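Q: Sequence first, predicted model second:
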Amino acid sequence: MAGRRIGVAMDFSEGSKAALKWAIDGLLKKEDTLIVIHVKHRQALESRNLIWVDTGSPLIPFAELHNAGVMHGYGVEIDPEVLGLLDTIANQLQVTVLGKIYWGDAREKVCEAVGAHELDALIMGSRGLSSIQRVLMGSVTSYVLEHAACPVTVVKAKNHH
């Protein structure tokens, strides 16, 4: 039986790192596929990446996530802590790790990734916006909880108030 397809929304914040750690500790199993979803603001889109503006980057294999040159080409600097966690997932848990980069509105693009990759579950962190901030700025987490076509687990960082 093939493993599950699990997504983790990653913006390199403490909340998204906590979500990745939670997935490692309690969810991911051998033969699962983890898709790390990162959304950049559309303004960060460089001309060399215009081909992927609508669909996002191709799926990026684990080995290329470690390659600073490849990731720089996408305009992404991967956090060393996140790379260490991904190493753990790939090597110790024997999970297939892939990256996917989108440009645009994080709310819409995360939901798009859920459908495009037929995810069985999505794990994401919470930034901990106050009620007023959520009303004024909108919450990616709230939007994804309402619109994603799979179960969503929200993980709060330990230092979250």
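A: Received the coordinates, thanks. Numbers count the residues shown, from 1 in each chain.
Q: Identify the residue spatially nearest to residue 65, adjacent ones excluded.
A: Distances taken as C-beta to C-beta, 6 or more residues apart in numbering place residue 99 nearest to residue 65, at 5.0 Å, with adjacent residues excluded. Yep, even glycine has a C-beta here, placed from its N, CA and C like the rest.
Q: which residues does the one you found contact?
A: 35, 36, 38, 57, 59, 60, 62, 64, 65 (C-beta atoms under 8 Å, 6 or more residues apart in numbering).
Q: List only those of these flagged as buried.
A: For these, a burial check counting by 16 or more other C-beta atoms under 10 Å picks out 35, 36, 38, 57, 60, 62, 64, 65.
Q: any idea which element the second one lies in?
A: I take that to be residue 36. strand 33-40 (DSSP states H and E).
Q: What count of nearby residues applies to residue 7?
A: 26 (other C-beta atoms under 10 Å).
Q: Tell me which residues are up against the strand or helix carrying it.
A: If you go by DSSP H and E, residue 7 is part of strand 5-9. Residues outside strand 5-9 that contact it (C-beta under 8 Å, 6+ apart) are 16, 19-20, 23, 27-28, 32-39, 106, 110, 113-114, 117-125, 140, 144, 150.
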